[in-house]
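Asks: From the sequence below, what's the structure:
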Amino acid sequence: MKKSGGKAVRYNKWGYIFLLPFIIVFVVFQLIPLVNTIYNSFFENYMSGLTQIGPTFVGLDNYKKLFSEGDVWIYLKNTMVMWIMCFIPQIILSLLLGAWFSDVQLKLKGSRFFKTVMYLPNLIMASAFAMLFFTLFSDGGPINSLLMQIGFISEPYKFLSHTGSAQGLVAMMNCLMWFGNTTILLMAGMMGIDTSLFEAAEVDGATSTQVFFKITLPLLRPILVYVMITSLIGGLQLFDVPQILTNGTGDPMRSTMTLIMFLNKHLYSKNYGMAGALSVILLIITGILSLVVFKVTGNDKRKG
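Replies: Next up, the predicted model:
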């Protein structure tokens, strides 16, 4: 008994040793910056010309200023609208493609090739994607030329000068960039479902629609919750595409300005106190929304 206990202690020691690199990286690159950000949020610390103001302890004044100006709620609304416009078509498209490619009865040829092609946009840099769409949808770009040639419009449509089209372009780009990753995740979940369930449903005369909604979707719930929460976190961190597409202005009328773009402006102006307060607010919003999504979609308990 003593020997086995000693071996268990020695094995545990090696487990802690292997965990040590992760713990060090987490503390240095995540925990310390997080604590430092929260600490800076209680100070007035910014540049006024060439003069450094602060750091001076101001308590919750930075938070009060953010909420009193009301910009946080405007940019939060913009961020959530563009995330919803991206996520809904993305999850529908990914579910359809996942169900299609994971169905062994279809015997699709070249499925590996198409899976690779679907994932490729995820490997393209957001800056390259944004520049491509900026060129395509510019006033003199191919899209306007095509629409004018077929007689759909008589003069170039300014896509980036209208709220709906500008937000739609940002949402479309993010959907095209990430639907391949979502499809692969959902496909992996579908392929992990016991095939005997589908065979039994087929014997009972269930249609493909009934099988999808009664068997596939309920068993995919853990993957769907994971996809929704990670997509929500990514949506709240939306920055690169609208930043490049609008040159950091968030036009038209700040309708494409996101929370991270607003945060970047404070960092660029070296207003570290306000940037820290906004970072903490974003952390709280992300935590609350993720918890809501998990509670709404991730509760597997059944009432008796």
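Asks: Surely Asn78 and Val170 touch.
Replies: No. Counting by C-beta atoms under 8 Å, Asn78 stays clear of Val170, with 9.4 Å between them. C-beta here means a position set from N, CA and C on the backbone, and glycine is covered the same way.
Asks: State which helix of the chain is the longest.
Replies: Using DSSP state H to define each element, the chain has its longest helix at helix 71-101.
Asks: Tell me which helix or strand comes right after that helix.
Replies: Sequence-wise, the next helix or strand downstream of helix 71-101 (DSSP states H and E) is helix 111-119.
Asks: Which of the residues in stretch 258-268 are classified as buried?
Replies: Within stretch 258-268, the residues that qualify as buried are Thr258, Leu259, Ile260, Met261, Phe262, Leu263, Asn264, Lys265, His266, counting by 16 or more other C-beta atoms under 10 Å.
Asks: Could you export those residues as TSV, including pLDDT, distance to Leu97 and secondary structure?
Replies: Formatted as TSV, the buried residues of stretch 258-268 follow (pLDDT from 0 to 100; distance: C-beta to C-beta, whole Å; DSSP: H, G, I helix; E, B strand; the rest coil):
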residue	pLDDT	distance to Leu97	secondary structure
Thr258	95	28	coil
Leu259	93	31	helix
Ile260	94	29	helix
Met261	94	31	helix
Phe262	93	35	helix
Leu263	93	34	helix
Asn264	92	34	helix
Lys265	90	38	helix
His266	90	40	helix
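Asks: so can I have a markdown table of these showing distance to Gly234?
Replies: Shown next, in a markdown table, are those (distance: C-beta to C-beta, whole Å):
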| residue | distance to Gly234 |
| --- | --- |
| Thr258 | 12 |
| Leu259 | 13 |
| Ile260 | 11 |
| Met261 | 15 |
| Phe262 | 17 |
| Leu263 | 15 |
| Asn264 | 16 |
| Lys265 | 21 |
| His266 | 21 |
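Asks: For these, name the two members farthest from one another.
Replies: By the measure C-beta to C-beta, Thr258 and His266 form the most distant pair in the buried residues of stretch 258-268, at 13.4 Å.
Asks: Since that was my last question, I'll sign off now.
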